[in-house]
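Enquirer: how would this look folded up:
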Amino acid sequence: MVQESRDGFGEAVVHPATQQKRPALSWAVRIKKKLKTVTPYLGKFRPTVGQCCHQCTPDSLGKKLGQTTPSLGFQNLLRVNETHTRYRGWLVRRVCGLLFVRGCKVYPSPATDRVERVCQSNRVQKALFTTGTVPMGGVTWEQLTPYLPLINTCISPSLLRFVGWVILKVFGSVFCSIQVNLNHKAFLHRASQQGPPLVYVFVPQSVVDYALIPMVLFCHNLRVPYTLCHLQIHNNWLRSVLQRLGVVLLPLGPITEQEAETDCLYSPVMTSLVGELLCEGQALSVCVSGMSGHGGQWLARIRQAVTEGLVPDVRLVPVGISYDCIPSTGTPAGVLSALRCVFSLLFSRRARGCVRIHLAQPFSLKEMCNTGRCRVDGSRPLLELLLPTILHNRSDRLFGQRMMSWVLPPNYVPELSQSERDLSIALTLHLSYSIRSCMAVMSTSLVSCLLLHKHRKGVCLSVLCRDVAWLLEEVLFRNRDVGFGGSLVGVVYHALSLLVPHLIIAAHPNDRSDPLIAPHPSLSATLSLSCHAQILTHTFIQEAVGACAVSAMLYDVATCGGDDWVKGQQYRGEMEFDVALCQDELTERALQLTHLLPPEYIPPCQSSHDFALDAVDTLVRCGVLVMEEVPRDTPICDFWKKQGTLAWSATDDPNHSDSECEEGDARCYKLSQPSQCPELLFFLCSLMAGYLRALCWATDGLDLLQTPLPEAVCLAQIHSHLRDSAQRDRGHYESCSAEVARMTVRTLTDLGVLVEGQQRGCVFLGVSQLFQQTDSKKKLRSFVSQFLYD
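Expert: Now for the predicted structure:
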């Protein structure tokens, strides 16, 4: 895992960066001189990641804890030598890659009578009968012609070995290393051989993801899964090759997955195909995303196969993939575009980064869904949770989760009942959160987060290294793994080498041996740094929510109850922060912000109120808040201040207590540095600023929308408005990314600001009559901007 560095930049660096041609950085030698003594990292402690949820799947968690298998460490897939083969010698060393893939095990994938079994299934026959194509009980292939190649998808051993060898060569030229966490490798082997079928679930980041997971499993002699891909490939030759590698594509015709799901035959055929694949014992690979809504229908179909008894159970395996630099490739719709993607990877001038892959512990789908442990109750529309507070400035304390119906729209798998649909949505959100939690934090993420959210105007190299060490300790303290190792100098050098196209590096006027580093103030540079830093927002989400709640209360104190947002910004930098913050009100503000959060940020098995309480507690643990000492006549520990014994009552309210010492006692907090706001508070508030600022800008741009508009057109116009606002602001480009724009439209729709309607079979969005009024828009903007600190 660790490779010796020969250029003097530290004793050991996990990335083989010395094998590549590094950029010509004039400050490279100065790093060595500036930091002469360094401390190796990750030698004493590495968090255990990828364990099952102790609340939803305790039985699956207990099976892993009962084993005595030691941790197997990490393996670099790209380092294939003669020790990975059965042969030795100088010739073997030159062809060891071919011998290695030739020796990898490929499991059989019969697809002989699959077409007949799918066509004769009751679900497909019912769909054909509904369309009037065939009488009930008959068999036809005419109407199913576009789906026959999809049903006949198989895995060719010879083609798989050849493509596996090619991919290893290509990835060897693209990445420094592909490190695989082998902590659950032995359990995966046992589960693959004698347990239920495995379903690998990942969050899509790049087209490379679809190739990484099969390659990792192929190299470790695990069953290569059938990949359920939502991409459209138009070239027949490329489609044929991919279908012989186990890739289930969209049928020819529909451009997007959403268009394919509207076909009355697509959903029954795909549901029957998934059931037949699981009956054969095949593994599956599915991409899910709560942000974009990908993958919810596939998890629903897998669950239908278990519910109908086609397979007794399925084990889900979250897979976390982390990149130093996410490969920027387009969708390979044809042969030329696929070759263009390969050439762009091979001949890009960017420095080569590393990849870290975590195969998490498998857990039982049946245990999670059928035991009722997965939390699906209490979902409410966002307009019920927040609209009374926004418009009438009152707090009704409506407890419940935010309803996120877009994860599995009604036209996806229409035969599902509402309860089954809610359970599939909860499963999708839970898996998305689990995958994000087991993704490693890379060195580029640490440096990008510090430059974007703490040192936006620039920082000296020595200060940056000190902050990287601090942030690394904070990440490890929160039980999040990191995807690098070695010395501090090597880690910082590697990150800066990869991020140098997005940075400005200049000599310090007072100390030329300590260069100044600042993020480049351009759209592409800011979006790239923001993409790297996003995983730190997931890591510190509780602290960020609590910090924004503190900022909102300080904002109220600064404005003295005024409604002018600009006035509040004016006083914010001049006030004294020696104020007491009530715990109940602080928790209420944190709860309001929690309802606004996009999916994948909070665990679905935790209530929003509990998350808000934890957000306040984490600020106390990290030293931002301290509890205020309140003088009392009676000590707080005096439980017998009144006559009589304590009376206990049974109640389901977790916050209820019969202890008389808590009657009327409201806790208060103060900032740990009352004369000046702690620097950590500003850093945590900045993590949420991009999304909140986009909501403010989108609210300002509602007057520019000539609604109703098709959903895609409305999203494009709001995205364009966010870009224009960032250009006028001359910065904060992280608030105008495509993902932020998409989540902004989702939030405005859930709030009732944008109303959905059906016209000519398409979804149209229009501004509601309530928010066409200036006063309502002003209240919405004021509500969101109270959490935004600049």
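
Enquirer: centre of the chain to stretch 50-59, how far?
Expert: Distance, stretch centre to chain centre, for stretch 50-59: 19 Å (CA atoms, centre = their mean, to the nearest Å).

Enquirer: my bad, stretch 227-246
Expert: Mean-position distance between stretch 227-246 and its chain equals 26 Å (CA atoms, centre = their mean).

Enquirer: check stretch 290-301 too.
Expert: Distance, centroid of stretch 290-301 to centroid of chain: 14 Å (CA atoms, centre = their mean).

Enquirer: cool, and stretch 202-222?
Expert: Centroid separation for stretch 202-222 versus its chain: 17 Å, with CA atoms, centre = their mean.

Enquirer: next, the distance between the ends of that stretch.
Expert: 17 Å (CA to CA, to the nearest Å).

Enquirer: same question, stretch 703-715
Expert: Terminal-residue distance, stretch 703-715 (CA to CA): 15 Å.

Enquirer: hey, which strand is longest across this structure?
Expert: strand 315-323 (DSSP state E).

Enquirer: what helices or strands is that strand leaning on?
Expert: strand 198-202, helix 208-219, strand 353-359, strand 363-364, helix 365-370, helix 418-438 (3 or more CB pairs under 8 Å, 6 or more residues apart in numbering; DSSP states H and E). For glycine as for every other residue, the C-beta is placed from the backbone atoms N, C-alpha and C.

Enquirer: who does that strand pair up with?
Expert: Sheet pairing of strand 315-323 (DSSP bridges) gives strand 198-202 (parallel), strand 353-359 (antiparallel), strand 363-364 (antiparallel).

Enquirer: where along the stretch 651-790 of the chain do the helices fall?
Expert: Taking DSSP state H, counting those that start in this stretch, the helices of the stretch 651-790 of the chain run over residues 679-700, 711-729, 738-750, 774-785.

Enquirer: which stretches of the stretch 301-450 of the chain have low pLDDT?
Expert: 329-351, 375-378, 393-399 (pLDDT under 70).

Enquirer: re the thing from before, can you tell me which of the helices and strands packed on strand 315-323 is nearest to residue 188?
Expert: strand 353-359 (6.4 Å; CB to CB).

Enquirer: ok, residues contacting the closest one?
Expert: The contact list for strand 353-359 (CB atoms under 8 Å, 6 or more residues apart in numbering) reads 14-15, 49-50, 175-181, 184-185, 188, 200, 212-213, 216, 317, 319-325, 438-440, 442, 444, 481, 483-484, 498.

Enquirer: do the same with stretch 762-773
Expert: With CB under 8 Å, 6+ apart as the test, stretch 762-773 has contacts from 391, 702, 705, 707-711, 714, 745, 749, 752-758, 776-777, 780.

Enquirer: at 6 Å what do you get?
Expert: Stretch 762-773 is contacted by residues 702, 707-711, 714, 752-757, 776-777 when judged by CB atoms under 6 Å, 6 or more residues apart in numbering.

Enquirer: again, but for stretch 602-617
Expert: 55-56, 375, 399, 426, 429-430, 433, 542, 545-546, 586-587, 590-591, 594.

Enquirer: among these, which are in helices?
Expert: Members of the contacts of stretch 602-617 lying in helices (criterion: DSSP state H): 426, 429, 430, 433, 542, 545, 546, 586, 587, 590, 591, 594.

Enquirer: and which of those residues is nearest to residue 76?
Expert: Out of the ones in helices among the contacts of stretch 602-617, the member with the shortest distance to residue 76 (by CB to CB) is residue 433, at 28.5 Å.

Enquirer: what count of nearby residues applies to the closest one?
Expert: Counted with other CB atoms under 10 Å, the neighbours of residue 433 add up to 22.

Enquirer: thought it was touching residue 601?
Expert: No - under the criterion of CB atoms under 6 Å, residue 433 is not in contact with residue 601, lying 7.8 Å apart.

Enquirer: those helices in the stretch 151-300 of the chain, which residues are they?
Expert: Using DSSP H, counting those that start in this stretch, the helices of the stretch 151-300 of the chain run over 157-174, 185-194, 208-219, 236-243, 257-261, 266-279, 296-307.

Enquirer: got a list of what the residue lying closest to residue 355 once chain neighbours are set aside touches?
Expert: For residue 355, ignoring the flanking residues on the chain, the nearest one in space by CB to CB, 6 or more residues apart in numbering is residue 178 at 4.5 Å. Neighbour list for residue 178: 77, 78, 355 [criterion: CB under 6 Å, 6+ apart].

Enquirer: tell me the bridge partners for the last one.
Expert: For residue 355, the beta-bridge partners are residue 178, residue 323 (DSSP bridges).

Enquirer: that one: neighbour count?
Expert: 28.

Enquirer: what secondary structure does residue 496 sit in?
Expert: Classification of residue 496 by DSSP: H, G, I helix; E, B strand; the rest coil places it in helix.

Enquirer: could I get the phi/psi values of the nearest residue to it once chain neighbours are set aside?
Expert: Nearest non-adjacent residue to residue 496, counting by CB to CB, 6+ apart: residue 447, 6.6 Å away. Per-residue torsions, residue 447: phi -70, psi -40 (degrees, to the nearest 10).

Enquirer: right, and residue 447 touches residue 495 too?
Expert: Yes - the criterion here is CB under 6 Å, and residue 447 meets it with residue 495 at 4.2 Å.

Enquirer: when these two are compared, which one has more neighbours?
Expert: residue 447 (29 against 25).
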